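Chemist: Build me a model from this:
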Amino acid sequence: MLINYYFQFRLQYEGADSSGYVFESEWLKYAHPLLQYAGNECAVLNNKDSAWHVFVRQGLPVPRRFGVFFGGGTPLIQTAGGASVIPLNRFLRHCCPCIFIKPADGMKGKDSFLVEWVDQERCRVSGHIMRFTEFSRLVTLPLLVEEAVRQHPDVAALHPESLNTLRLVTMRGLDGRSRYVAGMQRTGTGEMFLDNLSRGGLAVGIEPTGVLRKWGYTEDPRKKGVSAHPDTGIVFEGRRIPFWKECVDLVCRAHEGFPCTHSVGWDVAVTSAGPVLIEANCSYGMLEIQLIDHGLREVFETMLRPAALAIMEGTRG
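Modeler: Modelled structure (predicted):
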């Protein structure tokens, strides 16, 4: 197992010490009791619709939500609260020319679309121009409709075609306080409009000071890290994330609204006005975080395992 992880984390390239990394089986042994303890909180966090409503009640910055999209026939948007139903082409022309459509319970960017106005008959869907009726046939389930986030120019420069989000992980200590423990800057590649690693994106670890580490990685363990983005040529090392302190403060504040949940992976977009909370994940890719940012052995020993043992031994209320 150690040999497998050594190559999975690409330590043969970096010359890193494997002792700083945690095996998945070891992590899950203690993470499962914590997830069970969280109960309904994780169900709320993992559902993009219910989580969005909680974030709004907390007063956190989130993308503007318009309503629900229905396909299958004439593409329609039912506005929030069900007040009205508007054809998609009219909505794009008169209300918002660029929207993001996604499922409430989707993962890894599946069934998510960036939709932009072209003309009365056509729209641009994730970079491809098609007729509105053609797009409608792609959608079989109701999808959430949000305003497309306009990201900070420094973040957009990494890969202009995609929304390049931060994945920031927080954990709750035994004192009840939430702390930032690890993260990565994600970007798309090629013509991608998403930045998911599972779709071919890459990610770069983040120094505690909010600057990018040297290497960016894809999900493919056979590939070495790259020091610059393959499309834009931007060098990662030392590049500063705008509003870094505000990003960390935002996810820690968001975590305070879920007192039974020990650890969360937050997706954050950085705009010219500051960070915006996109969504949350109770299962946030522990292996990918270790590969891209740093090993989590110290975090595991000092925060995750003690919290799990407190629950298992009945000493946590």
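
Chemist: Strands of this protein, residue ranges please.
Modeler: 65-70, 76-79, 85-87, 98-102, 113-117, 122-125, 128-131, 143-147, 166-172, 178-187, 202-206, 212-217, 263-271, 274-281 (DSSP state E).

Chemist: Outside of the longest one itself, list whatever touches it.
Modeler: This points to strand 178-187. Defining contact as C-beta atoms under 8 Å, 6 or more residues apart in numbering, one finds that strand 178-187 is touched by 158-159, 162, 164-173, 195-197, 201-206, 212, 216, 229, 241, 248, 251-252, 255-256, 288-289, 292-294, 296, 299, 303. (C-beta placed from N, C-alpha, C; glycine too.)

Chemist: Kindly report the same for stretch 122-142.
Modeler: Contacts to stretch 122-142, defined as C-beta under 8 Å, 6+ apart, come from residues 68-75, 87-89, 92, 101, 103, 111, 113-118, 121, 161, 191, 193.

Chemist: If we use 6 Å, what do you get?
Modeler: 68, 70-71, 75, 88-89, 113-116, 118, 121, 191, 193 (C-beta atoms under 6 Å, 6 or more residues apart in numbering).

Chemist: for that stretch, the distance to its chain's centre please.
Modeler: 24 Å (C-alpha atoms, centre = their mean, to the nearest Å).

Chemist: And it, end to end?
Modeler: End-to-end distance for stretch 122-142: 21 Å, by C-alpha to C-alpha, to the nearest Å.

Chemist: Please spell out which residues along it are buried.
Modeler: Within stretch 122-142, the residues scored as buried using 16 or more other C-beta atoms under 10 Å are 122-126, 130, 132, 135-136, 139, 142.

Chemist: what do you get for stretch 93-103?
Modeler: Under 16+ other C-beta under 10 Å, the buried positions of stretch 93-103 are 96, 99-103.

Chemist: would you turn those residues into JSON lines with distance to Val54 and pLDDT?
Modeler: As requested, these are exported to JSON lines (distance: C-beta to C-beta, whole Å; pLDDT from 0 to 100):
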{"residue": "Cys96", "distance to Val54": "24", "pLDDT": "93"}
{"residue": "Ile99", "distance to Val54": "22", "pLDDT": "94"}
{"residue": "Phe100", "distance to Val54": "20", "pLDDT": "94"}
{"residue": "Ile101", "distance to Val54": "21", "pLDDT": "93"}
{"residue": "Lys102", "distance to Val54": "17", "pLDDT": "93"}
{"residue": "Pro103", "distance to Val54": "18", "pLDDT": "90"}
